[in-house]
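J.: here is my input; please provide its structure:
(chains A, B and C)
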Amino acid sequence: MFSQRVENVRKNSSLVHCITNYVTVNDCANVVLACGASPIMADDPSEAAQITSNCQSLVLNMGTLNKRRLEAMILAGKQANKFSHPVILDPVGAGASSMRREALKQLSKEVRFSVIKGNISEMRALFAANIRPGKGVDAREADIVTEANLTDQIAYAARLSSMTGAVIIVTGALDLVVSEKQAYVIYNGHPMMARITGSGCMLGALLGAFAGSNKEAPLEAAAAAVAMTGICGERAGKKVEIEQKGTGSFRTYFIDEVSLITGNDVEQEKKIKRYEYKDSWRIEDEG
Amino acid sequence: MFSQRVENVRKNSSLVHCITNYVTVNDCANVVLACGASPIMADDPSEAAQITSNCQSLVLNMGTLNKRRLEAMILAGKQANKFSHPVILDPVGAGASSMRREALKQLSKEVRFSVIKGNISEMRALFAANIRPGKGVDAREADIVTEANLTDQIAYAARLSSMTGAVIIVTGALDLVVSEKQAYVIYNGHPMMARITGSGCMLGALLGAFAGSNKEAPLEAAAAAVAMTGICGERAGKKVEIEQKGTGSFRTYFIDEVSLITGNDVEQEKKIKRYEYKDSWRIEDEG
Amino acid sequence: MFSQRVENVRKNSSLVHCITNYVTVNDCANVVLACGASPIMADDPSEAAQITSNCQSLVLNMGTLNKRRLEAMILAGKQANKFSHPVILDPVGAGASSMRREALKQLSKEVRFSVIKGNISEMRALFAANIRPGKGVDAREADIVTEANLTDQIAYAARLSSMTGAVIIVTGALDLVVSEKQAYVIYNGHPMMARITGSGCMLGALLGAFAGSNKEAPLEAAAAAVAMTGICGERAGKKVEIEQKGTGSFRTYFIDEVSLITGNDVEQEKKIKRYEYKDSWRIEDEG
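T.: Numbers count the residues shown, from 1 in each chain, chains lettered A, B, ... in the order given. Next up, the predicted model:
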């Protein structure tokens, strides 16, 4: 039940350690507070590991990456692994430069992730970062997810899940939340989410809050976070249309909705399909 | 009169140099502008001292601290001391890591502060950072401030004031603003302030603006800044409730209120008690 | 036609690489998205040049400058020059410290700019940074632009344009957009723009978006960006007055307006005069 996942976040007031970019850091902190958890944004190597010890989850966001912050990510990531805290990776722009491709390779090698979320091109970079020599390269390529190629793309994400051990979230017009044998396809969302900065980063931060308060059900927790984010986008988008406002107000209203939504709302308004792998990927549950 | 303190800020357009964290830096800059002062956020050691020379006050905020920014804080702090500019310390998360405890110790040793503001756990860290060997440790401990332990907590803050030479502000459900022999207890505020990031940092920045424009009355200026912040929280909270909005709107409305409120409004809506030390801490003034 | 300049930005979805300060970086990213372009904020020297190769324009903003970011600016600037991408310089606080004066000198030497935007004191620093020994110093000084000294100030900006090869934008109560032989005086704007942080930085980011999508008409594109920014300020200011809100809402509404305004709106609501140099600076076009 998604409602339970949302309510657990509201009840537990868990601490989410975010090492993130300075573009959307304020949005990330505010959205974590809005959902009922508490953020700590410390990113210096000299304290990153110590800070993460006292938190319930860790979010690593690769936007505006630099050497110092990468070092902090690795130190905090290893510490979180030691304490079995869920670690979320948001490989922002992972394919955009050699530096980020290298960083993604290093992070993939040194830290075990519970959840990895990205768009198609970030997923391609993730795939490349996780190929081991002599293992051969899968011919299948990540592609924009549509109804037509849905099970292919689920299979691709499941392969990534098996390579990394993480729940894989592929964002786009449809969102996929995939483990090795199970998957959610999530249809919630609003086009205005792509017209503000921070929609993706805020989802990454929320995934941290959901993972920290729902350790018994990581896949469902991730799916609930994705659905809730999409629903809050829909609600904010509707308000903006009615009031004839623009993207500035959308951003504010999105955080409003995260602070107001209940588990029950998410349960009622979610638009999902659930798949399972049995010989092939099959729909188990519609809606 | 608090009204005078507020109006002085509006009239003087003083320059406030803030060395602060990147999570809430935008809120801090906007709130300083909203109250009538002007912010400069330069944080590089190569210019920090020079920048501060041309300002009227300096705010040091320890959030997302790193070595480079700490160096800038010390350079700017010493320069501000040389020029007798008020220096405000906001020791964000001061007890959260060894790095921050060390930084607080170093700042306490090298810079003289006019105002230090923090929650209970930050005050404990401040106490620890200011104990001198051979001076003995006070048995009294900082604790959540309630009506029941009020004078004890005022006495604790007054001890901190005497150790540091600064006006001490302890934030919580009640806020204390305390010097060695005088204290304000401030009852203004709204629960939503704890549900956004930046409430505390914005108060820190406002304390800089108030100190820079009210050098003749540092304690009253600090108390006025705390009361004004609480009143703006109350007003923003009321609007959010009426319009059934959430924490995103609260943040926007809070800054709105800071830009709109007058000295007279603060005078009318403040909820304070004033204490003085004469053998013991006694109420001098109610309301 | 300004309308065409605005519509080109909406249609082209160009990528704008911004190396900017952390105070207003979120506003800059959101305003670039609001106008129809896409921002990338990468600022590390190890990837700055590579990132800029895949963009259509580059914006260098000197706020909260440090050595690492300056290095990234120079690397990205040179790369953008090599690819003939327009480079916009926003020399924030350029006169405020020796470090920034030195940085401006270095940037002026190593990078060719298409557009340079600043207030009067930043223009003075720009002038100082571009004087070559043995060239003599112009007695004329930058001054607050008024109707009385308009052509003098246009001439000063034109001199700067000839020294730097860039379109020069002098911001103030009136805005000047000036090349060697042509100039726009722009009367749009709202006093509330000076009461939030980021108005200037957002204009800088928008200049990047406009330059990247209007390479055939750099002067007109810059003037259209300045006019649009002023008009969005007017519209947001009107809303705030009607709703009796403050500066927090103004900031949100400003971005709303950027996301909503059309080329036709800008054409209708622009308040401009166009000057040309023929022996002297003469009005060519009113309104």
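J.: isn't residue A:40 right up against residue B:100?
T.: No - counting by C-beta atoms under 8 Å, residue A:40 stays clear of residue B:100, with 11.6 Å between them. For glycine as for every other residue, the C-beta is placed from the backbone atoms N, C-alpha and C.
J.: shared neighbours, those two?
T.: residue B:93 (C-beta atoms under 8 Å, 6 or more residues apart in numbering or on different chains).
J.: what about residue A:161, how many neighbours?
T.: Close neighbours of residue A:161, defined as other C-beta atoms under 10 Å in any protein chain shown, add up to 20.
J.: contact partners of the helix or strand hosting residue A:162?
T.: Taking DSSP states H and E as the criterion, residue A:162 maps to helix A:150-164. Outside helix A:150-164, the residues that touch it by C-beta under 8 Å, 6+ apart are A:108, A:113, A:116, A:123, A:126-127, A:130, A:138, A:140-143, A:145, A:166-168, A:170, A:174, A:176, A:178-181, A:183, A:185, A:275, A:277, A:280-281.
J.: for that helix, buried residues please.
T.: Across helix A:150-164, burial judged by 16 or more other C-beta atoms under 10 Å in any protein chain shown covers A:150-161, A:163-164.
J.: can you count the residues close to residue A:7?
T.: Neighbour tally, residue A:7, other C-beta under 10 Å: 17.
J.: ok, the longest helix seen in chain A near chain C or not?
T.: Once chain A is assigned using DSSP state H, the helix that runs over the most residues is helix A:218-242. No - residues of helix A:218-242 contacting chain C under C-beta under 8 Å from any C-beta of the partner chain: none, with a closest distance of 8.6 Å.
J.: tell me what that helix is packed against?
T.: Counting contacts by 3 or more C-beta pairs under 8 Å, 6 or more residues apart in numbering or on different chains; DSSP states H and E, helix A:218-242 is packed against helix A:2-12, strand A:167-170, strand A:175-178, strand A:182-186, helix A:199-213, helix A:247-260, helix A:263-269.
J.: in it, which residues are buried?
T.: With burial defined by 16+ other C-beta under 10 Å, the residues of helix A:218-242 counted as buried are A:218-237, A:239-240.
J.: okay, the angle between it and strand A:182-186?
T.: With axes from the mean of the first three to the mean of the last three C-alpha atoms, to 10 degrees defining the directions, helix A:218-242 sits at 0 degrees from strand A:182-186.
J.: quick one: helix A:218-242 to chain centroid distance?
T.: Computed by C-alpha atoms, centre = their mean, to the nearest Å, the chain-centroid distance of helix A:218-242 equals 13 Å.
J.: for that helix, give the mean pLDDT please.
T.: Helix A:218-242 carries an average pLDDT of 98.
J.: quick one, it and helix A:199-213 angle?
T.: Helix A:218-242 and helix A:199-213 are oriented at 140 degrees to each other (the same axes, to 10 degrees).
J.: tell me the angle helix A:218-242 makes with helix C:247-260.
T.: Angle, helix A:218-242 to helix C:247-260, by the same axes, to 10 degrees: 80 degrees.
J.: before we move on, back to that, which of the buried residues of helix A:150-164 lies closest to residue B:15?
T.: Using C-beta to C-beta, residue A:164 comes nearest to residue B:15 of these, at 50.3 Å.
J.: ok, now which ones touch residue A:52?
T.: Contacts of residue A:52 by C-beta under 8 Å, 6+ apart are A:17, A:58, A:76, A:79-80, A:83, A:85.
J.: how long is stretch A:19-27 end to end?
T.: 13 Å (C-alpha to C-alpha, to the nearest Å).
J.: ditto for stretch A:129-143
T.: 17 Å.
J.: the closest residue to chain B within the stretch 51-200 of chain A: neighbour count?
T.: In the stretch 51-200 of chain A, the residue that lies nearest chain B is residue A:51 (5.7 Å; C-beta to the nearest C-beta). Using other C-beta under 10 Å, residue A:51 has 25 other residues around it.
J.: do residue A:1 as well
T.: 13.
J.: report the separation between it and residue B:233.
T.: 36 Å (C-beta to C-beta, to the nearest Å).
J.: of the contacts of residue A:52 - the most surrounded one?
T.: Among the contacts of residue A:52, the one with the most neighbours (other C-beta under 10 Å) is residue A:58, at 32 neighbours.
J.: tell me the SS of that residue?
T.: Classification of residue A:58 using DSSP: H, G, I helix; E, B strand; the rest coil returns strand.
J.: ok, now which ones touch it?
T.: By C-beta under 8 Å, 6+ apart, the residues touching residue A:58 are A:16-19, A:52, A:76-77, A:80, A:85-88, A:208.
J.: give me that answer again for 7 Å
T.: By C-beta atoms under 7 Å, 6 or more residues apart in numbering or on different chains, the contact set of residue A:58 is A:17, A:52, A:76-77, A:80, A:85, A:87, A:208.
J.: same thing with residue A:203?
T.: Contacts for residue A:203 (C-beta under 7 Å, 6+ apart) come out as A:117, A:225-226, A:229.
J.: nearest to residue B:5 among those residues?
T.: Nearest to residue B:5, judged by C-beta to C-beta, of those is residue A:229 at 43.3 Å.
J.: so what's that closest one closest to, chain neighbours aside?
T.: Using C-beta to C-beta, 6 or more residues apart in numbering or on different chains and skipping residues adjacent in sequence, the residue nearest residue A:229 is residue A:203, 4.8 Å away.
J.: report how many residues lie close to residue A:144.
T.: Residue A:144 has 12 neighbours, counted by other C-beta under 10 Å.
J.: and it, what's its pLDDT?
T.: On the pLDDT scale, residue A:144 gets 80.
J.: so it touches residue A:170, yeah?
T.: No - Residue A:144 sits out of contact with residue A:170 when judged by C-beta atoms under 7 Å, with a separation of 9.8 Å.
J.: next, show the common contact partners of those two.
T.: Taking C-beta under 7 Å, 6+ apart as the criterion, residue A:144 and residue A:170 both touch residue A:120.
J.: what ranges in the stretch 101-250 of chain A fall below the confidence cut-off?
T.: Scanning the stretch 101-250 of chain A for pLDDT under 70 picks out A:133-142.
J.: distance of residue A:186 relative to chain C?
T.: 23 Å (C-beta to the nearest C-beta, to the nearest Å).
J.: ditto for residue A:232
T.: Separation of residue A:232 from chain C (C-beta to the nearest C-beta): 17 Å.
J.: residues contacting that residue?
T.: Contact analysis of residue A:232 by C-beta under 7 Å, 6+ apart lists A:254, A:257-258, A:261.
J.: check what pLDDT the residue nearest to residue A:68 when sequence neighbours are not counted gets.
T.: Taking C-beta to C-beta, 6+ apart, and ignoring the residues beside it in sequence, residue A:68 has residue A:45 as its nearest neighbour in space, at 6.4 Å. We have a pLDDT of 98 for residue A:45.
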